Each structure stands twice: as structure tokens, then as C-alpha cells.
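Undergrad: show me how the following folds:
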Amino acid sequence: MADQNERSQQPEPTEASPKDNSKRKLIGFFVIAVLILGAGLFYWRSTYTEDTDDAQVDGNLYQVSSRVAGQVIHVDVSEEQFVHKGDSIAEIDPKDFQVALEQAQADLANAQAAYQEALVNVPITHVQTFTTLRTSTSDVAGSEASVQQAEAQVEADKAKVAAAKAEAIKSELDVQRYTPLVAKDVISKQQYDAAVAQAAADQGNLRAARRDVTAEEAFVHTAEERLNEARSQRFQSQKNGPKQVAAQEALAAAALAAIKVAQAKVDQAALNLSYTHIVSPITGIVSNKSVAVGENLSVGQSLMTIVPLTDLWVTANFKETQLTHMHPGQRVDISVDALGGRKFTGVVAQIGGATGSSLSLFPPENATGNYVKVVQRIPVRINFSNLDQENKDYALRIGMSVEPTVRIKN
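TA: Predicted structure coming up:
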């Protein structure tokens with residue numbers, strides 16, 4: 001009885017009005033529309049970028065080696081030490097290289113002196129050659145004049161011979177006429193003797209004139225020989241003079257070339273001396289140090305590795321399906337995991353030429369019958385845009401994991 005009274009006292013449930021139901025439906029539709037719109041905006045916005053977590057900081061490891069052979073006398077760094085570009089790393093005993101440099105400098109001085117001597121001899125040879133040629137030309141002219149004078153004298157002597165011969169003939173004829181006359185006492189014995197003496201004198205004059213002709217002809221022959229010799233000397237001077245000058249100029253050129261060879265040896269010796277002081281090629285961290293004081297190094301022997309803290313980049317392995325709209329020059333936001341997500345800026349530099357699997361030691365052979373298509377990854381090089389400012393503390397290290405986000409749309 002009491003239960004019936006309690007049920008009778010409870011209020012009857014009221015039904016929702018049509019107006020309230022419409023309001024609730026409208027709110028539900030609005031919420032769903034907002035969610036759909038938000039999802040659409042999120043998807044649309046996601047097409048503006050491509051990112052990957054398969055990326056790391058990359059750089060060139062610098063192997064420091066000896067460029068000359070020698071004994072190490074000092075080592076200035078230790079393992080894992082931070083060094084700047086140009087800092088001293090080690091030093092090789094420079095004494096042998098200093099001696100070699102001084103020897104090369106002495107050889108250079110000798111070569112320079114030889115060049116100066118050869119250079120001075122060039123104008124001297126010019127003058128000597130010109131003087132010899134002028135002298136030989138003058139000798140030729142003098143010899144020609146001597147020949148002409150001798151030939152003229154020969155002609156004059158021949159004329160004297162003719163005159164003497166005529167006189168000798170006349171005298172002989174006089175003797176022949178006087179001989180019968182003196183026998184008949186037509187003329188005196190004295191007159192006949194005078195005619196005979198005159199004939200003898202004229203014969204002597206004829207012989208003397210002929211001797212003069214012979215002597216002058218010999219002189220002409222001698223003068224002609226001197227002329228031929230003078231002409232030969234002039235020809236030799238004309239022929240050999242330029243050759244002598246050219247030879248002296250060639251000696252000067254050879255001496256100049258010797259200077260260049262000696263200078264190259266000095267430069268090489270100076271370089272070898274500078275190589276005894278080994279410096280860091282880049283700012284970084286010393287690793288794998290294997291050099292110690294007293295060690296004898298050979299050329300090319302590795303001393304240590306310098307891990308750079310500058311000149312870094314990012315190698316990001318994007319899926320091949322992410323490269324559709326990616327190209328060099330696009331801006332990249334880089335987040336470094338080890339630095340708590342610290343941000344760096346970069347730019348796409350180059351898309352790799354092959355997939356990572358193709359460049360592996362054992363590339364896949366897809367010709368087998370159990371081929372399964374796998375999305376490949378292609379390395380993309382990303383250069384830091386402002387590394388000097390963003391990495392002043394040298395916090396980045398090669399191999400750090402990063403997450404690059406490439407803006408493929410603006």
C-alpha cells in the first residue's frame with residue numbers, strides 16, 4: 001500500500017519539445033562541420049611541407065697527415081681537444097729543411113750571378129761582331145786597292161820593258177852597223193866601244209825592267225791572295241757574327257731559365273720548411289690522435305682526424321613519394337633532437353642521384369620472383385643558411401639526429 005502511494009507521488013516524465021530537439025541537432029551539425037573543416041584545413045596545410053625524422057648532421061672529416069718526413073719534436077693538442085683553424089697541432093724537426101733552403105738560396109744566387117755575366121756579354125759580343133765585320137770590310141777595301149795599285153804598276157813596268165826592249169834593239173842595231181865601219185876605220189874605236197857599252201846597258205835595263213814586271217806580278221798575286229783572305233774573313237764575319245750574338249743571347253736565356261729552376265727549388269724548400277709546422281685545416285675537435293713526440297713520420301702518414309664544427313650540412317633521407325614538389329632552393333626549418341628541438345634554418349641544395357639502397361654495399365636484386373614493392377628513400381642535401389650566427393657556440397656535431405621540414409609551397 002505504501003509502495004503504491006510512493007509511486008503515485010513521483011512526477012511523470014515530461015517529453016522534450018520539438019524546439020529543443022531542433023536546437024540540439026543544429027549544435028551537433030555545427031560541431032561536425034567545424035571538425036570536418038578543421039580536418040580539411042589541417043590536411044590542406046600539411047601539403048605545404050614535407051618532413052622526415054631520417055636525417056642527420058653531416059660534414060667532411062679531415063684527416064691530418066704529414067707532408068714531409070721527419071722526427072716529431074712537439075705535439076700541441078690532445079684527444080678530443082677543440083681547435084680553431086690555423087692552430088698549431090704538431091711540429092717536425094726543421095733543421096734539415098732549413099739547411100736545404102739555405103743551399104737552394106745559394107744556388108739561386110749563383111744562377112743570378114751567371115745570368116748577369118751572360119747578360120753583360122751580349123752587348124759586348126754585338127760590339128765585337130760589328131768591329132770585326134767593319135775591320136774585315138776595311139781590309140777587303142784595302143786589299144782591293146793594293147791589287148789595283150799592283151796591277152797598275154805591272155802595266156807601267158811592262159811599258160818600261162817595252163821601252164827598254166826598244167832601246168836594247170836600237171843599241172844592238174847600232175853595234176851591228178858600227179862593226180864593219182870600225183873595221184874600215186870609218187869610225188873611231190872609241191865610238192864603237194861606246195855603242196857596244198850602250199847596247200850592254202840597254203840589255204841590262206831590259207833585264208831589270210823584266211825583273212820589275214816579274215816582281216810586280218808576284219806582288220799582284222800576293223795582293224790577290226790577301227784580298228781573297230780578307231773577303232773570306234768578311235764572309236765568315238757576316239755569317240758567324242749573328243750566330244755568335246745569337247749564341248750569347250741563348251746563353252743569357254739559359255742562365256735566366258736556370259734562375260727560374262733555382263727559384264723553384266727555393267720555393268719548394270721553403271714549402272717543405274713550412275710543412276714542418278702542422279696546423280689545423282679547420283675548426284673542430286681532435287679525434288683518433290696517433291702522433292707522439294719522438295716519432296719518425298713518413299710522407300702521408302696519418303696523425304689525427306679533425307671533426308669539423310663548421311662547414312656542416314644535413315643529409316635527409318626523404319621517401320621518394322615526398323619529392324614530387326621538392327627542388328633546390330626551397331627553405332627548410334631544422335629541429336635538432338640533441339639540443340631540445342633547437343631551430344636552425346636551411347635551404348635544399350641538391351637531391352641525391354640514387355636511392356640509399358642502390359648505393360649500399362649489396363644493392364637489392366629485384367629480378368627474383370619474390371619481389372615486394374618498398375617505398376625507397378633518396379638522400380637530400382640541405383645546407384644551413386646562417387650557420388655562423390645560429391651555431392656560434394659550436395653546438396652541432398656530425399651525426400646528430402635532426403628533423404627537417406621543407407616548405408614545398410609558399
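Undergrad: report the secondary structure state of the residue nearest to the spatial centre of the chain.
TA: Closest residue to the average C-alpha location of the chain: Ala264 at 12.0 Å, with C-alpha atoms, centre = their mean. Reduced to three states with DSSP: H, G, I helix; E, B strand; the rest coil, the structure at Ala264 is helix.
Undergrad: do the same with Ala246
TA: Ala246 - assigned by three-state DSSP - is helix.
Undergrad: so how far is Lys25 from it?
TA: When C-beta to C-beta, to the nearest Å is the yardstick, Ala246 and Lys25 sit 114 Å from each other. For glycine as for every other residue, the C-beta is placed from the backbone atoms N, C-alpha and C.
Undergrad: so Thr305, which of the three states?
TA: From three-state DSSP, the assignment for Thr305 is strand.
Undergrad: next one: Lys409
TA: Classification of Lys409 by three-state DSSP places it in coil.
Undergrad: how many other residues sit next to Val348?
TA: 22 (other C-beta atoms under 10 Å).
Undergrad: quick one: contacts for it?
TA: 326-330, 332, 380-382, 406 (C-beta atoms under 8 Å, 6 or more residues apart in numbering).
Undergrad: now it, nearest residue through space, not along the chain?
TA: Nearest in space to Val348, with sequence neighbours left out and distances taken as C-beta to C-beta, 6 or more residues apart in numbering, is Gln330 at 4.6 Å.
Undergrad: go on, Asp337?
TA: Computed as C-beta to C-beta, 6+ apart, the closest residue to Asp337 that is not its neighbour in sequence is Ser401, at 4.6 Å.
Undergrad: can you tell me how far the one you found is from Glu217?
TA: For Ser401, the distance to Glu217 equals 118 Å [C-beta to C-beta].
Undergrad: which one's more surrounded, those two?
TA: In this comparison of Ser401 against Glu217, neighbours counted by other C-beta under 10 Å, the higher total goes to Glu217 at 16 against 13.
Undergrad: so after the helix or strand that contains that one, what's the next helix or strand?
TA: Secondary-structure assignment from DSSP states H and E places Glu217 in helix 189-275. Sequence order places strand 277-279 as the next helix or strand after helix 189-275, per DSSP H and E.
Undergrad: so how many other residues sit close to the residue lying closest to Lys319 once chain neighbours are set aside?
TA: Of all residues not flanking Lys319 in the chain, Val375 sits nearest, at 5.1 Å (C-beta to C-beta, 6+ apart). Taking other C-beta under 10 Å as the criterion, the count of residues near Val375 is 9.
Undergrad: for Val375, helix, strand, or coil?
TA: The three-state label for Val375, taken from three-state DSSP, comes out as coil.
Undergrad: check contacts around it.
TA: Contact analysis of Val375 by C-beta under 8 Å, 6+ apart lists 319-321.
Undergrad: also Phe384?
TA: The neighbourhood of Phe384, defined by C-beta under 8 Å, 6+ apart, consists of 312-314, 334, 344-346, 390-391.
Undergrad: again, but for Tyr62
TA: By C-beta under 8 Å, 6+ apart, the residues touching Tyr62 are 281-282, 284, 305-308.
Undergrad: Ile36: how many residues sit nearby?
TA: Neighbours of Ile36 under the rule other C-beta under 10 Å: 10.
Undergrad: dihedrals phi and psi, it?
TA: When read as degrees, to the nearest 10, the backbone of Ile36 gives phi -60, psi -40.
Undergrad: just the pLDDT for it.
TA: pLDDT, the model's per-residue confidence, is 81 for Ile36.
Undergrad: roughly how far does it sit from Phe29?
TA: From Ile36 across to Phe29, the span is 10 Å (C-beta to C-beta).
Undergrad: is Ser335 in a helix, a strand, or coil?
TA: Using three-state DSSP, the structure places Ser335 in strand.
Undergrad: my guess is it meets Gly341, correct?
TA: Yes. Contact between Ser335 and Gly341 holds when scored by C-beta atoms under 8 Å: they sit 4.9 Å apart.
Undergrad: who has more neighbours out of those two?
TA: Ser335 (18 against 10).
Undergrad: all strands for the stretch 251-400 of the chain, in order.
TA: Assigned by DSSP state E, counting those that start in this stretch, the strands in the stretch 251-400 of the chain fall at 277-279, 284-287, 296-297, 302-308, 313-319, 331-336, 342-351, 377-384.
Undergrad: redo these as TSV? Include distance to Asp51 and mean pLDDT.
TA: Conversion of the strands of the stretch 251-400 of the chain to TSV gives the following (distance: least, C-beta to C-beta, whole Å; pLDDT from 0 to 100):
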stretch	distance to Asp51	mean pLDDT
strand 277-279	40	94
strand 284-287	29	93
strand 296-297	48	93
strand 302-308	26	93
strand 313-319	9	94
strand 331-336	9	94
strand 342-351	13	94
strand 377-384	12	94
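Undergrad: and Glu117, which of these is closest to it?
TA: Using C-beta to C-beta as the criterion, the shortest distance between Glu117 and the strands of the stretch 251-400 of the chain is 38.1 Å, found for strand 277-279.
Undergrad: name every strand pairing with the closest one and say which way it goes.
TA: Each strand pairing with strand 277-279, determined using DSSP bridges, is listed with its direction: strand 88-92 (antiparallel).
Undergrad: got the buried residues for the partner strand?
TA: Of the residues in strand 88-92, those scored as buried under the neighbour-count criterion (16 or more other C-beta atoms under 10 Å) are 89-92.
Undergrad: in a markdown table, list those along with pLDDT and distance to Glu151.
TA: Below are these laid out as a markdown table (pLDDT from 0 to 100; distance: C-beta to C-beta, whole Å):
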| residue | pLDDT | distance to Glu151 |
| --- | --- | --- |
| Ile89 | 94 | 94 |
| Ala90 | 95 | 93 |
| Glu91 | 95 | 90 |
| Ile92 | 95 | 87 |
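Undergrad: closest to Gln350 among the residues you listed?
TA: When those are compared for distance to Gln350 (C-beta to C-beta), Ile89 comes out closest, at 32.4 Å.
Undergrad: could you check how far that closest one is from Phe82?
TA: On the measure of C-beta to C-beta, Ile89 and Phe82 end up 13 Å apart.
Undergrad: which residues do these two both contact?
TA: When contacts are counted by C-beta under 8 Å, 6+ apart, the set common to Ile89 and Phe82 consists of Val286.
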